[in-house]
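# Structure here, sequence nowhere to be found:
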């Protein structure tokens, strides 16, 4: 086995080679990439996404090239890097969303061969006590488990001071002897019965974390879980989180084989059939129902916990949905409470339940319904309410496409449009990418079409780089508010105050033109 020093030298040489390859393939005018930063360090964001430029992206590109991506290493997360991330996620059999979160980061390092493969701490291959100074697959497993509990440690197989500090903190939080040694009791607490990280991720489609009807055009964690369940029932679809034609065909084939109505929509009956014959995970129960206790706490096992775990996963956790409130679920609850500005006690009481469901009453909340004619009214009401990025109200828009994460972490303009469409029933199309709205309109699908005579309530897409392809991170979308010749106004999400690029993003009214150096495409909703 390589020593710690030798392992680091090998890692440095491999990443340096990837960096040189990237630099040599770049154009002479290209600026040097920012210095690489370990993705698992506290200097990198939880999710690294398209549009970011940093040393974290440099490290990401080096790792992707180590996996055969052959992309330029420039520290800029563009379209090429996005495609390479999705290709790696597909090869690693994890959710394909293009976001480099904790699971993707771990897999990039584990699969790179730069560190030892993880070894179960309870196996005979690991010593009775895993302690500081060791370098092995046992330490990789330990670090992975610590990261599941929220500790920001690097997964490098090296039991150093940071790993020891995390072990001591974990021991203290779980009422164990605090000695920094990972012996039998600490190992048992880390694995916490049957809530180990190897059981997989997802949500329960029957829970409130997912729409009542999951349909073509939607994307997100609920769709990824659906695709996994379909594959478990004999279908063969890519688990990419995108409900496209292939997934729709698989749903219809499954419905036909199950003897239920064949409509391609995943409603209550189809969900029940998908879960028929699966292991005994309790069916989800709404947390606010009389069937759930006022406070849901560690140690309980029920459908209330199934629902809780599904909701936590939509808020960025990585839990096995098994209905068992163990240590990992407790840790995820505490992280959620901290992020939501709630009292951090690990107890899921009324305030935590409300925050999980995104219960927010803004100054003005438009009633749903009204079809395409209500598109502008609903959008304008959000601007009048002063909705701002990162607020609970803005974050609730994501439920329209199966997302329940902070709007501070992704570009949400198309999600806002999807939410408006959902509120009004103007179209059944939902998507978090501008290009897919454009694609559906150009194809005349879902009651959408391209128009050259825009009117209030229509949708408008922008391509800022003028390539007319509405991709590459240079696209935007909003709702038409008024039209006057080549000038028009809009209501847009994920934008800033007119004339103030430094203002915080939110839902605002903007002035736009059709004769500027960017492309504009108007979408009629009828």
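That came in fine, so what should we check first? Given the structure is predicted, the values throughout are model-derived calculations rather than measurements. Numbers count the residues shown, from 1 in each chain.
# Which positions within stretch 135-152 qualify as buried?
For stretch 135-152, the buried set under the neighbour-count rule, 16 or more other C-beta atoms under 10 Å, comprises 135-151. The way it works is simple: take the backbone N, C-alpha and C, and place the C-beta from them, glycine included.
# do stretch 55-65 as well
The neighbour-count criterion (16+ other C-beta under 10 Å) identifies 55-65 as the buried residues of stretch 55-65.
# Lowest pLDDT pick from those?
The member of the buried residues of stretch 55-65 with the lowest pLDDT is residue 65, at 85.
# tell me the secondary structure for that one?
helix (DSSP: H, G, I helix; E, B strand; the rest coil).
# Tell me the spacing between it and residue 374.
Between residue 65 and residue 374 the computed distance is 49 Å (C-beta to C-beta, to the nearest Å).
# Then residue 467?
Counting by C-beta to C-beta, the gap from residue 467 to residue 374 is 33 Å.
# repeat for residue 170
Shown here: residue 170 relative to residue 374, a distance of 51 Å by C-beta to C-beta.
# Please apply the same query to residue 335.
Note on residue 335: its distance to residue 374, by C-beta to C-beta, is 38 Å.
# Please identify which of the two sits among more neighbours.
It is residue 374, of residue 335 and residue 374, that has more neighbours when counted by other C-beta atoms under 10 Å, with 20 against 17.
# quick one: the more buried one is in a helix?
Yes. Residue state for residue 374 (three-state DSSP) corresponds to a helix.
# That one reaches residue 424, doesn't it?
Yes. The criterion here is C-beta atoms under 8 Å, and residue 374 meets it with residue 424 at 4.3 Å.
# Just confirm residue 509 is within a strand.
Yes. The assignment for residue 509 is a strand, going by three-state DSSP.
# hey, what's it bridged with?
For residue 509, the residues forming beta bridges with it (DSSP bridges) are residue 491.
# Tell me the pLDDT of it.
Here, the pLDDT recorded for residue 509 equals 92.
# for whatever helix or strand residue 256 lives in, packing partners?
Counting by DSSP states H and E, the element that carries residue 256 is helix 245-258. Under the contact criterion of 3 or more C-beta pairs under 8 Å, 6 or more residues apart in numbering; DSSP states H and E, the helices and strands touching helix 245-258 comprise helix 221-232, helix 268-275.
# Going by neighbour count, list what's buried in the longest one.
Of the residues in helix 221-232, those with enough neighbours to count as buried (16+ other C-beta under 10 Å) are 221-230.
# now stretch 414-431
Of the residues in stretch 414-431, those buried under the neighbour-count criterion (16+ other C-beta under 10 Å) are 414-424, 426-431.
# Work out the gap between it and the centre of the chain.
Stretch 414-431 has its average C-alpha position 19 Å from the chain's average C-alpha position, going by C-alpha atoms, centre = their mean, to the nearest Å.
# go on, stretch 309-323?
Here the centre of stretch 309-323 is set off from its chain's centre by 12 Å, with C-alpha atoms, centre = their mean.
# That stretch: end-to-end distance?
7 Å (C-alpha to C-alpha, to the nearest Å).
# State the mean pLDDT of that stretch.
Regarding stretch 309-323, the rounded mean pLDDT is 76.
# Stretch 79-92 too?
Averaged over stretch 79-92, pLDDT sits at 80.
# contact partners of that stretch?
50, 57, 60-61, 64, 67, 69, 71-72, 95-100, 104, 107-108, 111, 238, 240, 471-473 (C-beta atoms under 8 Å, 6 or more residues apart in numbering).
# what are the ranges of the helices in the stretch 101-250 of the chain?
For the stretch 101-250 of the chain, the helices defined by DSSP state H, counting those that start in this stretch cover 102-110, 137-148, 161-173, 184-191, 221-232, 245-258.
# so the fourth one versus helix 161-173, what angle?
Angle of helix 184-191 versus helix 161-173, following axes from the mean of the first three to the mean of the last three C-alpha atoms, to 10 degrees, is 90 degrees.
# Which residues does helix 184-191 contact?
121-122, 128, 142, 145-146, 149, 167, 170-171, 174, 176-177, 182, 327.
# again, 10 Å this time
120-122, 126, 128-130, 138, 141-142, 144-146, 148-149, 167, 170-171, 173-180, 182, 196-198, 326-328 (C-beta atoms under 10 Å, 6 or more residues apart in numbering).
# in it, what's buried?
When neighbours are counted by 16+ other C-beta under 10 Å, the buried residues of helix 184-191 are found to be 186-187, 189-191.
# okay, who's weakest in those residues by pLDDT?
In terms of pLDDT, the weakest of the buried residues of helix 184-191 is residue 191, which scores 70.
# Would you mind measuring from it to residue 247?
Plainly put, residue 191 is 34 Å away from residue 247 if you go by C-beta to C-beta.
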